[in-house]
Structures are given as structure tokens and as C-alpha cells.
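Q: Can you look at this prediction? I've put the sequence above it.
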Amino acid sequence: MQKLRIKDGCDHYPGYLDRRVQTELLSDIRDIIEQAPLYRPQMPRTGKPFSVMMTNCGPLGWVADKSGYRYQPHHPETEANWPPIPARLMDFWRSLTRYESPPEACLINYYAANARMGMHRDEDETDFNAPIVSLSLGDSAIFKIGGLTRGGPSQSVKLNSGDALIMAGPGRMLYHGVSRVLGGTSSLLKEGGRINLTLRRVGA
Ligand code: MD3
Ligand code: FE
């Protein structure tokens with residue numbers, strides 16, 4: 001398995017999931033979306049809608065609305081608890097991180113053709129010692145990773161369907177975002193677009 005060191009604390013595994021496993025994982029994700037539909041988050045205060053649609057699985061899920069960003073155990077619209085993290089994803093976490101504790105939250109991001117995610121840090125967690133695992137399905141995207149402060153230089157990395165990224169240690173607090181999705185680059189999703197799964201520990 002090829003491992004590319006993008007930065008100290010940020011490793012890229014191109015093609016980590018083969019096509020068969022991507023299809024199996026996608027089927028798990030479709031089941032989750034049936035129980036916990038994708039919804040459109042909003043920016044705190046302004047209420048400006050995200051271009052990315054989201055849902056979650058796991059004991060906790062990350063949500064965004066006018067009152068802020070937070071983790072909560074239930075879907076913001078159905079108010080049902082999030083479905084469990086599929087066993088397959090728990091296995092990928094264990095194999096990729098060798099971390100002793102399991103992930104508590106899996107954020108599912110859906111990017112249609114023109115969706116993006118601006119540069120940000122993941123800082124709504126308490127446990128910054130745990131790694132973060134990201135898995136990509138569907139159309140390729142241009143992922144940007146910068147430094148520890150906003151606005152510095154950034155590197156662009158193309159993420160393809162089946163790729164994994166692991167952030168740990170010094171990589172955990174780096175600024176990052178998705179500048180564009182390259183439509184028509186994958187046949188995995190019949191509707192097109194890109195799904196990204198982000199596994200995290202939230203902490204006390
Ligand atoms: C680097 N998602 O949901 S995943 C997010 O592709 C998020 O949907 C992007 O950023 C996506 O918060 C990027 C890769 C990723 C995730 C977390 C990181 C990269 C990271 C945390 C620190 C540094
Ligand atoms: Fe992020």
C-alpha cells in the first residue's frame with residue numbers, strides 16, 4: 001500500500017479501498033442516508049446555507065445551524081439518534097490508525113457538482129490527541145491543506161474515489177478545505193458528485 005506524506009502528520013493512501021470495497025461501503029452509506037437523510041447545514045449567525053449536504057453516523061454527529069457548530073446525538077431535522085457506524089468503517093479506523101479507542105462520530109459530506117468547503121480547522125472536538133480518518137467516494141476533488149494559521153500557503157492534493165487521508169499529531173490542527181469537485185471523474189455514484197466520510201473522536 002502506497003503512503004504519501006503530504007505534511008508532517010498528514011498521510012495520503014491513494015486507492016486504499018478497491019472498487020469492490022467502495023461499492024460495499026457506498027451501500028452502507030446509502031442505508032444510513034435512508035435513516036438519517038442528508039440535510040443542508042447553515043453558517044452560524046448568518047444562516048447562509050452550506051453548498052455541501054451532510055449527515056452523520058455514530059454516537060455523536062457534527063451539525064451546523066444558526067446557533068453554532070456542535071456535536072449532538074441526534075439528527076437536527078428528524079431528531080432521531082444517528083445510526084451506528086458500520087463495522088466496516090470501524091475496521092478501517094483500526095487498520096489505518098492503530099489507535100486504541102474507537103471513533104465516536106462519522107460525518108458524511110455530500111458534494112454535488114458545484115459544492116466546496118472553505119478553509120477551516122476541525123476544532124469542535126475536545127480530544128485533539130486522537131487521529132482523524134477521511135475516506136473519499138465518487139468524483140475526484142481538489143483538497144487544499146495549509147498550515148496552523150489562516151491564509152498562509154497551501155498545497156493542493158487530488159483525492160480520488162477510494163483514497164484515505166490520516167491526520168494525526170502535528171497534522172491534526174492544520175487548515176484545510178475542498179476547492180472543487182471534478183464532475184464526471186467517477187462512475188461510483190449514479191447521481192454523480194462526491195461523498196467524504198470523516199471519522200473522529202470527540203472526547204469528554
Ligand atoms: C486535515 N472535510 O468535514 S476530509 C470536514 O473532503 C472536512 O469533505 C473535507 O474537512 C472533505 O471537516 C476534507 C480531509 C480532512 C479532514 C480533517 C482534517 C483533512 C484534515 C483535519 C485536519 C487536517
Ligand atoms: Fe475539516
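A: Arrived safely, thanks for sending. Ligands and ions are numbered 1, 2, ... in the order given.

Q: going forward, measure contacts between C-alpha atoms and count neighbours the same way
A: Fine.

Q: Counting by contacts, list what the top helix by length along the chain packs against.
A: The longest helix of the chain (DSSP state H) is helix 19-35. Helices and strands touching helix 19-35, as assessed by 3 or more C-alpha pairs under 8 Å, 6 or more residues apart in numbering; DSSP states H and E, are absent.

Q: quick one: buried residues of it?
A: Buried residues in helix 19-35, counting neighbours by 16 or more other C-alpha atoms under 10 Å, are found at 22, 23, 25, 26, 28, 29, 32, 33, 35.

Q: Now do that helix: everything it contacts.
A: The contact list for helix 19-35 (C-alpha atoms under 8 Å, 6 or more residues apart in numbering) reads 55, 57, 83, 86, 88, 89, 137, 161, 162, 188.

Q: Restricting to C-alpha, output it in PDB.
A: The C-alpha coordinates for helix 19-35 follow below in PDB (Å, rounded to 0.1, in the frame of the first residue of the first chain):
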ATOM      1  CA  ARG A  19     -13.700  -0.800  -6.300                       C
ATOM      2  CA  ARG A  20     -15.500  -3.700  -4.700                       C
ATOM      3  CA  VAL A  21     -15.000  -2.400  -1.200                       C
ATOM      4  CA  GLN A  22     -16.000   1.100  -2.300                       C
ATOM      5  CA  THR A  23     -19.300  -0.400  -3.600                       C
ATOM      6  CA  GLU A  24     -19.900  -2.200  -0.300                       C
ATOM      7  CA  LEU A  25     -19.100   0.900   1.700                       C
ATOM      8  CA  LEU A  26     -21.400   3.000  -0.500                       C
ATOM      9  CA  SER A  27     -24.200   0.500   0.200                       C
ATOM     10  CA  ASP A  28     -23.600   1.000   3.900                       C
ATOM     11  CA  ILE A  29     -23.800   4.800   3.400                       C
ATOM     12  CA  ARG A  30     -27.000   4.600   1.400                       C
ATOM     13  CA  ASP A  31     -28.600   2.700   4.300                       C
ATOM     14  CA  ILE A  32     -27.500   5.400   6.700                       C
ATOM     15  CA  ILE A  33     -28.900   8.200   4.500                       C
ATOM     16  CA  GLU A  34     -32.300   6.400   4.300                       C
ATOM     17  CA  GLN A  35     -32.400   6.500   8.100                       C
END
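
Q: Would you state the helices of this structure in chain order?
A: Using DSSP H, helices in the chain cover 19-35, 87-97.
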